[in-house]
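> Build me a structure from this.
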Amino acid sequence: MALSTGTVTVKDSWYDMRQEVVGTIAFGANPLTYAAGGLVTAFNVPGVKSTVPPSDVIITGIAGFIYKYVPGTDVTNGKVMIFTEGTVATNAPLIEHSVAALVAGVSGDTVSFHGWFKIR
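The predicted model follows:
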C-alpha cells in the first residue's frame, strides 16, 4: 500500500528573525497507509521562508487524535506522528496509529498547525 503524507497549507505568517506560520495539514485517505514513526510532512511550501526544520510546531485536530511533529534534517522531511487511545483502561497511555490504512477520523480531521522557523 502507498503511504499517506501530510500536505501543508499556509494561512498566515509574520517574521523578523524568526517566522511564525499558521495553517492546516491534510492527510491522504484510505487506502493510503500510516508509516511507523509518522507521516512525512514537508514545510517547503509557499509562505514558508525557511530551509531549516521548524524549531517548534503545535498541531491540533478536532477529532480527538493527538498529533506530534518530529523534525527532519530540513523542511522537506519532518514527520507527524498520530496517537490514538490504545485501550479503554483508566490512565492508559496513548499509542501510535497502527501501520495500516489511515483511519477516516484522521484523513477527515480538521488539522491546524502553528509553527516557528528560523530565517537564514
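> now stretch 109-120, how far from the chain's geometric center?
Mean C-alpha position of stretch 109-120 versus that of the full chain (Cα atoms, centre = their mean, to the nearest Å) differs by 9 Å.
> can you check stretch 24-42 too?
Centre-to-centre, stretch 24-42 and its host chain are 8 Å apart (Cα atoms, centre = their mean).
> Let me see the mean pLDDT of it.
In this model, stretch 24-42 carries a mean pLDDT of 91.
> What of stretch 54-64?
What stretch 54-64 shows for mean pLDDT is 95.
> Show me the contact partners of that stretch.
18, 21, 25, 43, 67-69, 71, 75, 78, 80, 105-106, 108-118 (Cβ atoms under 8 Å, 6 or more residues apart in numbering). Where C-beta positions appear, they are placed from N, C-alpha and C, glycine not excepted.
> Buried residues of that stretch, list them for me.
Of the residues in stretch 54-64, 54, 57, 59, 61 count as buried by neighbour count, 16 or more other Cβ atoms under 10 Å.
> Return the subset of those lying in strands.
Assigned to strands by DSSP state E, the following of those qualify: 57, 59.
> Now for the buried residues of stretch 54-64: which two are most distant?
By the measure Cβ to Cβ, 54 and 61 form the most distant pair in the buried residues of stretch 54-64, at 18.0 Å.
> any idea how far residue 37 is from residue 92?
Plainly put, residue 37 is 21 Å away from residue 92 if you go by Cβ to Cβ, to the nearest Å.
> ok, now residue 100?
In terms of Cβ to Cβ, residue 100 sits 20 Å off from residue 92.
> Let's check: the centremost residue of this protein is which one?
residue 80 (3.7 Å; Cα atoms, centre = their mean).
> Settle this for me: that one is touching residue 66, isn't it.
No: with contact defined as Cβ atoms under 8 Å, residue 80 does not count as touching residue 66 (10.6 Å).
> Tell me the spacing between the nearest residue to residue 30 once chain neighbours are set aside and residue 18.
Leaving aside its chain neighbours, residue 30 sits nearest to residue 101 (4.3 Å; criterion: Cβ to Cβ, 6 or more residues apart in numbering). Distance, residue 101 to residue 18, by Cβ to Cβ: 38 Å.
> Also residue 59?
With Cβ to Cβ as the criterion, residue 59 and residue 18 are 18 Å apart.
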